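Visitor: Test case, fold it:
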Amino acid sequence: MGILEVSKSEIKEYQKLKIISEMVLLKEHIKLFEQKYGCSFIEFERRIKQTAEDFESWDDYLEWKAYQRSFEGLKKKIGEIDRAQDIRIAE
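Guide: Prediction:
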């Protein structure tokens, strides 16, 4: 087979697109919670810590928090890709 030429920027863009596709799915879940509770995660977190225990809300809180953390982690990963100077190809 011949040699495949790919630039650094193409590899970086491909990796970013993979991450963005994951972020879109996470954002959809986040939006559902925002619509259900009519607020952002930060506001919901503040509310839930001030109210009596409600198992459904706490379950939603834990799930929403996981989506939020994953989303923020992926945003950070995109920044790391943008700043990457070297690229290593793993087999």
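
Visitor: Does residue 59 belong to a helix, a strand or coil?
Guide: Put simply, residue 59 is helix when judged by DSSP: H, G, I helix; E, B strand; the rest coil.

Visitor: Number of residues surrounding it?
Guide: 10 (other C-beta atoms under 10 Å). C-beta: built from backbone N, CA, C; applies to glycine.

Visitor: Tell me the spacing between it and residue 3.
Guide: Residue 59 is 53 Å from residue 3, where distance means C-beta to C-beta, to the nearest Å.

Visitor: Now the residue nearest to residue 12 when sequence neighbours are not counted: which helix or strand?
Guide: Sequence neighbours aside, residue 81 is the residue nearest to residue 12 in space, at 5.3 Å (criterion: C-beta to C-beta, 6 or more residues apart in numbering). Secondary-structure assignment from DSSP states H and E places residue 81 in helix 55-83.

Visitor: what is the rounded mean pLDDT of that helix?
Guide: Regarding helix 55-83, the rounded mean pLDDT is 96.

Visitor: Just give me how far it sits from the chain centre.
Guide: 5 Å (C-alpha atoms, centre = their mean, to the nearest Å).

Visitor: Buried residues, it. List them.
Guide: 57, 60, 61, 64, 67, 68, 70, 71, 74, 77, 81 (16 or more other C-beta atoms under 10 Å).

Visitor: Return the distance of the third one relative to residue 46.
Guide: With distances defined as C-beta to C-beta, the gap from residue 61 to residue 46 amounts to 11 Å.

Visitor: Not counting stretch 33-45 itself, show me its contacts.
Guide: Residues from elsewhere that reach stretch 33-45 (C-beta atoms under 8 Å, 6 or more residues apart in numbering): 30, 47, 60, 61, 63, 64, 65, 67, 68.

Visitor: May I see these organised as JSON lines, with distance to residue 10 added?
Guide: Shown next, in JSON lines, are these (distance: C-beta to C-beta, whole Å):
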{"residue": "30", "distance to residue 10": "30"}
{"residue": "47", "distance to residue 10": "45"}
{"residue": "60", "distance to residue 10": "40"}
{"residue": "61", "distance to residue 10": "40"}
{"residue": "63", "distance to residue 10": "36"}
{"residue": "64", "distance to residue 10": "35"}
{"residue": "65", "distance to residue 10": "35"}
{"residue": "67", "distance to residue 10": "30"}
{"residue": "68", "distance to residue 10": "31"}
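
Visitor: Noted, bye for now.
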